[in-house]
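Q: Can you look at this prediction? I've put the sequence above it.
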Amino acid sequence: MILIALTTCRKYIYPKISAQNRARFNRMESVLNTWWPDTKSTEGVTGKIIVGKHSDASLEGDNPDFADLILDCPDDYRGLALKTIRSCEWAYEHGFEYMVRADDDTCLDVRGVKNWIERKRPDYGGLKYGDCIHGGTGIVFSRKALAVMSKATWFPTYMMADDIWFARVLQRRGIPMYTDAEFEPLSKHCKSGEEMKQFYASLGDRARIEAAS
């Protein structure tokens, strides 16, 4: 069983808080209107949208209807690493074999990623970005990696990106990253809602072409 864990925070769930964020694009609206329903219709996949408990005081108790899990962690960008740890703990405790951590500006080919995981069986995989797996395109954690991340005892410094930190924690425990060219067309880090729509539409076009060939 594979968990797609989409981590977000209220500043993007509630774009009314920031007109600048609204102008950039309503991340969750784009996700919900494109690839997220595939997490519900793909056998062997469970999707959970995750937010943290602690946030701006003005938003406490104002949880979105589509937030599936509200975990004990901060609800901002700097708290993303801890939110991922809490997600790993939840996935491990609930018996998932794999977890894919996606951001709210990630667009995934859910069925394609599922098939890639089943064929490659990586412990820590996705699209390589420098010395780590790029968080914006989705990070794949096996059950072995979930166990390691759940027990992490040190946290990234202010200037360290969370995806770099994941790589260091796992590599210290002998879990290397795995990547190959087959993962790249399965995911995209999107800069706008329109880009997400276009990429998701291209997945359908690709599927139709493959079915006809």
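A: Received the coordinates, thanks.
Q: what's the least confident helix or strand in the chain, going by average pLDDT?
A: One helix or strand of the chain scores below all others by mean pLDDT, DSSP states H and E: helix 19-24, with a mean of 49.
Q: following it, which helix or strand comes up?
A: helix 27-32 (DSSP states H and E).
Q: which parts of that following helix are buried?
A: By neighbour count on 16 or more other C-beta atoms under 10 Å, the buried set for helix 27-32 is 27-28, 30-31. C-beta here means a position set from N, CA and C on the backbone, and glycine is covered the same way.
Q: which helix in this structure runs the most residues?
A: Longest helix in the chain, counting residues (DSSP state H): helix 193-212.
Q: now the helices for the chain?
A: In the chain, the segments counted as helices under DSSP H are 10-13, 19-24, 27-32, 38-41, 80-93, 110-120, 143-150, 162-172, 193-212.
Q: Next, report how far the third one is displaced from the centre of its chain.
A: Read it as helix 27-32. On the basis of C-alpha atoms, centre = their mean, to the nearest Å, helix 27-32 sits 13 Å off its chain's mean C-alpha point.
Q: Using PDB, list the CA coordinates for it.
A: The C-alpha coordinates for helix 27-32 follow below in PDB (Å, rounded to 0.1, in the frame of the first residue of the first chain):
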ATOM      1  CA  ARG A  27      -2.200  25.800  -4.900                       C
ATOM      2  CA  MET A  28      -4.700  23.600  -3.400                       C
ATOM      3  CA  GLU A  29      -7.500  24.500  -5.800                       C
ATOM      4  CA  SER A  30      -5.100  23.500  -8.600                       C
ATOM      5  CA  VAL A  31      -4.200  20.200  -7.000                       C
ATOM      6  CA  LEU A  32      -7.800  19.300  -6.200                       C
END
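Q: any idea of the mean pLDDT in it?
A: Helix 27-32 shows a mean pLDDT of 85.
Q: what's the spacing between the closest residue to residue 190 other than its chain neighbours and residue 33?
A: Nearest non-adjacent residue to residue 190, counting by C-beta to C-beta, 6 or more residues apart in numbering: residue 196, 4.2 Å away. Distance, residue 196 to residue 33, using C-beta to C-beta, to the nearest Å: 9 Å.
Q: Among the two, which residue is more densely surrounded?
A: Each of residue 196 and residue 33 has its neighbours counted (other C-beta atoms under 10 Å); residue 196 has more, 24 against 14.
Q: Would you mind confirming that the more buried one is in contact with residue 28?
A: No. With contacts counted by C-beta atoms under 8 Å, residue 196 stays clear of residue 28, the gap being 11.1 Å.
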